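[1] 3D, please:
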Amino acid sequence: MTCAFCEIVKGTRHAQVLYRTPSFVAFEPVTRAEHKLLIVPTGHYQSLGEIPLSVLSEWLSVAHEIAGRLKASSCKMQINVGAKHQNVRHLYMQFTYTKG
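    Residues are numbered from 1 along each chain as shown. Next up is the predicted model:
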């Protein structure tokens, strides 16, 4: 089974990528919701138990960096886990922010 987020990470599926590190990619969701990004680990993890703690803590650093670059005055960070909460079986963070 192919993973849409892994394809975005590899560059084989188009997405509006706004930020990239070796461990994370941040891009606009397909719905193109205003002031919303998805921050996805470049490694394929389906559960919190699979992701190394070092990568998990780096996730917050990436969100912090993105908030600064976007000049976000507030934000909501939501990590979705499990089939009930994920359309794509790849851990991701919904990052919704307010500017100014």
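
[2] After the lengthiest helix in the chain, heading C-terminal, what element do we hit next?
    Using DSSP state H, we find that the single longest helix of the chain is helix 53-70. Scanning forward in sequence from helix 53-70 by DSSP states H and E, the next helix or strand is strand 72-80.

[3] which secondary structure elements does that following strand contact?
    On a contact count with 3 or more CB pairs under 8 Å, 6 or more residues apart in numbering; DSSP states H and E, strand 72-80 meets helix 53-70, strand 92-99. Just so you know, the C-beta spots here come from the backbone N, C-alpha and C atoms, and that holds for glycine as well.

[4] So which bits of the first one are buried?
    Burial within helix 53-70, assessed by neighbour count using 16 or more other CB atoms under 10 Å, is assigned to 55, 58-59, 62-63, 66-67, 70.

[5] any weak-confidence spans in this structure?
    1, 32, 83-86 (pLDDT under 70).

[6] Geometric centre of this protein: which residue is closest?
    I39 (1.3 Å; CA atoms, centre = their mean).

[7] I'd guess it is in a helix, am I close?
    No: I39: not assigned to a helix; according to DSSP: H, G, I helix; E, B strand; the rest coil it is strand.

[8] pretty sure it is touching A63, no?
    Yes: using CB atoms under 8 Å, I39 makes contact with A63 at a distance of 6.2 Å.

[9] overlap in contacts of these two?
    93, 95 (CB atoms under 8 Å, 6 or more residues apart in numbering).

[10] quick one, the longest helix of the chain and strand 72-80 angle?
    Interaxial angle, helix 53-70 versus strand 72-80 (axes from the mean of the first three to the mean of the last three CA atoms, to 10 degrees): 150 degrees.

[11] quick check: angle from helix 53-70 to strand 92-99?
    20 degrees.

[12] List the contacts of helix 53-70.
    Against helix 53-70 from outside (CB under 8 Å, 6+ apart): 18-19, 21, 23-24, 26, 37, 39, 41, 43, 45, 48, 72, 75, 77, 79, 93, 95, 97, 99.
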